[in-house]
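Would you be able to build a 3D model of this:
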Amino acid sequence: MEPMNEELKRIIEGAAQLFLQYGIKGNTMDDVARHLGVSKKTLYKHVSNKEDLLMQVVKVHFKHISSCIDELAEGAENAVDELLQVDKLMTQQAQLRNPVFIHELQKFYPEIWAMASKLRRQYVLKTFSANLRKGMEQGLYREDLNPEIIALLHLSRVESLTDPQLFPSDKFKHDEVSHQYVYYHMYGLLNEKGRKYLEQKLNH
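Numbering: from 1, shown residues only. This is a model prediction of the structure:
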């Protein structure tokens, strides 16, 4: 894959800061140009319009998060530590992201939301299936789990976390909802050895 042009990279990073912190609809291409200290002509040299820019922001953001998770998985001592570290990362990311960003992406940019959902779906199934196999091999997860079924159940629940009808942002903080789900989910996976290990980690 051809490396990204440095100027385009800076534009995407700057736009991501605005969109993630303050929402999409309230930020125009003029705002992005002003934030970056460049002309609109420079912006349009790299992107065709705001929707094109947003699409690239979402792709780059997804790539960044998935790369971070891959590094955590590779460096984690075991499957339980991997889930704990991923939960910490996702909690931090949720705290940096204005809830209105997800709402506006779903409501006003359904094609981009569909693309992001497809990427997330494929990635969650792949990484979580790997985590299930790892945990079972390490003797921390229950032996009677069906990885394919459990991974699909996990995916359906992960997708429900961004449903504004189930978890309206004025009532629930996304990071807290996600955090609660992770622990609820982990206790369903762990055997006695795994539960003791998790409780030891939490106590310390």
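
what about residue 111, distance to residue 58?
11 Å (CB to CB, to the nearest Å). For the C-beta atoms, the positions are set from N, CA and C on the backbone; glycine is no exception.

Who has more neighbours out of these two?
A side-by-side neighbour count of residue 111 and residue 58, using other CB atoms under 10 Å, places residue 58 first with 21 against 9.

wait, the more buried one sits on residue 114?
No - counting by CB atoms under 8 Å, residue 58 stays clear of residue 114, with 10.9 Å between them.

Check the burial of residue 155 by counting its neighbours.
18.

Spatially nearest residue to residue 39 (excluding sequence neighbours)?
Counting by CB to CB, 6 or more residues apart in numbering, the nearest residue to residue 39 once its immediate chain neighbours are dropped is residue 33, at 6.2 Å.

Could you look up the SS state of that neighbour?
helix (DSSP: H, G, I helix; E, B strand; the rest coil).

Now do the helices in this structure.
For the chain, the helices defined by DSSP state H cover 6-22, 29-36, 40-46, 50-75, 79-96, 99-108, 110-137, 147-160, 174-189, 192-203.

Now render those as a markdown table, adding mean pLDDT.
Listed next are the helices of the chain as a markdown table, based on pLDDT from 0 to 100:
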| stretch | mean pLDDT |
| --- | --- |
| helix 6-22 | 95 |
| helix 29-36 | 96 |
| helix 40-46 | 95 |
| helix 50-75 | 97 |
| helix 79-96 | 92 |
| helix 99-108 | 93 |
| helix 110-137 | 96 |
| helix 147-160 | 92 |
| helix 174-189 | 90 |
| helix 192-203 | 95 |
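
Nearest to residue 168, out of the ones you listed?
Shortest distance between residue 168 and those, using CB to CB, is found for helix 99-108: 9.2 Å.

From the contact counts, what lies against that closest one?
In terms of contacts (3 or more CB pairs under 8 Å, 6 or more residues apart in numbering; DSSP states H and E), helix 99-108 is packed against helix 110-137.
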